[in-house]
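J.: sequence? don't have it. structure:
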């Protein structure tokens, strides 16, 4: 339904998500009707028939121009809680202005390593968290699935200097039995969006 609604020409897909072979599932869908899709780019695994490996592709994106400022840069889908999910078009310029403002407000800089645990298909993770890092030249650190233990490990190992989380995520880190202030000593800035934590 989402592919038919959005009519993409290129689909980027993680090969495995929570143990499921997403690339294989997508290949089965496209075998019946490829629609508008001309290319499938697989991230993080071996490449299926006709697909392109992200690692082979990404070097070709250096210094390529972005889409026009007032063009649609991203379509996010609503949850579908009251009907079928609806596409919400986000404009390139609006996403960049928003992300730049978020980064400016929390003081993100090019040498920061920003931990963003939310999924990138969701507004918090993609156009807000990830784009905040991109607009300021910072590094994004993320994981396939959030847990307090994994978050603490990543922050410590990757020497994250900033976080972009939700209150329940922050609380799971703080309440984890392995939490210790020295494990997150690299953190200097960030934001927990929502209720006070």
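T.: Yes, it's here. Values in this document were obtained by computation on a predicted structure and should not be read as measured data.

J.: beta partners of residue 11?
T.: residue 40 (DSSP bridges).

J.: For this protein, give me the ranges with low pLDDT.
T.: 58-67, 196-197 (pLDDT under 70).

J.: run the last query once more with 50
T.: For the chain, not a single residue meets the criterion pLDDT under 50.

J.: Once you drop chain neighbours, what's closest to the residue nearest the centre of it?
T.: Taking Cα atoms, centre = their mean as the criterion, residue 120 is the residue nearest the geometric centre of the chain, at 2.6 Å. Closest residue to residue 120 in three dimensions, ignoring its sequence neighbours and counting by Cβ to Cβ, 6 or more residues apart in numbering: residue 126, at 4.1 Å. Every residue, glycine included, has its C-beta placed from N, CA and C.

J.: so what's that neighbour up against?
T.: 74, 76, 119, 120 (Cβ atoms under 8 Å, 6 or more residues apart in numbering).

J.: how far away is it from residue 78?
T.: Residue 126 sits at a distance of 14 Å from residue 78 (criterion: Cβ to Cβ, to the nearest Å).

J.: same deal with residue 8?
T.: 18 Å.

J.: Then residue 143?
T.: Counting by Cβ to Cβ - residue 143 and residue 78 are separated by 25 Å.

J.: Repeat that for residue 138.
T.: Counting by Cβ to Cβ, the gap from residue 138 to residue 78 is 29 Å.

J.: With neighbour numbers in mind, choose between those two.
T.: residue 138 (19 against 12; other Cβ atoms under 10 Å).

J.: May I have the phi/psi pair for the more buried one?
T.: Main-chain torsions, residue 138, degrees, to the nearest 10: phi -90, psi 170.

J.: outside of the helix or strand hosting residue 168, which residues touch it?
T.: Per DSSP states H and E, residue 168 falls inside helix 167-175. Residues from elsewhere that reach helix 167-175 (Cβ under 8 Å, 6+ apart): 117, 146-148, 151-152, 155, 163, 165, 179, 184, 192-197.

J.: let's go with 7 Å and repeat that
T.: Here helix 167-175 makes contact (Cβ atoms under 7 Å, 6 or more residues apart in numbering) with 117, 146, 148, 151, 152, 179, 192, 194, 195, 197.

J.: And stretch 44-59, by the same measure?
T.: 12, 14, 15, 16, 23, 27, 39, 40, 41, 42, 43.
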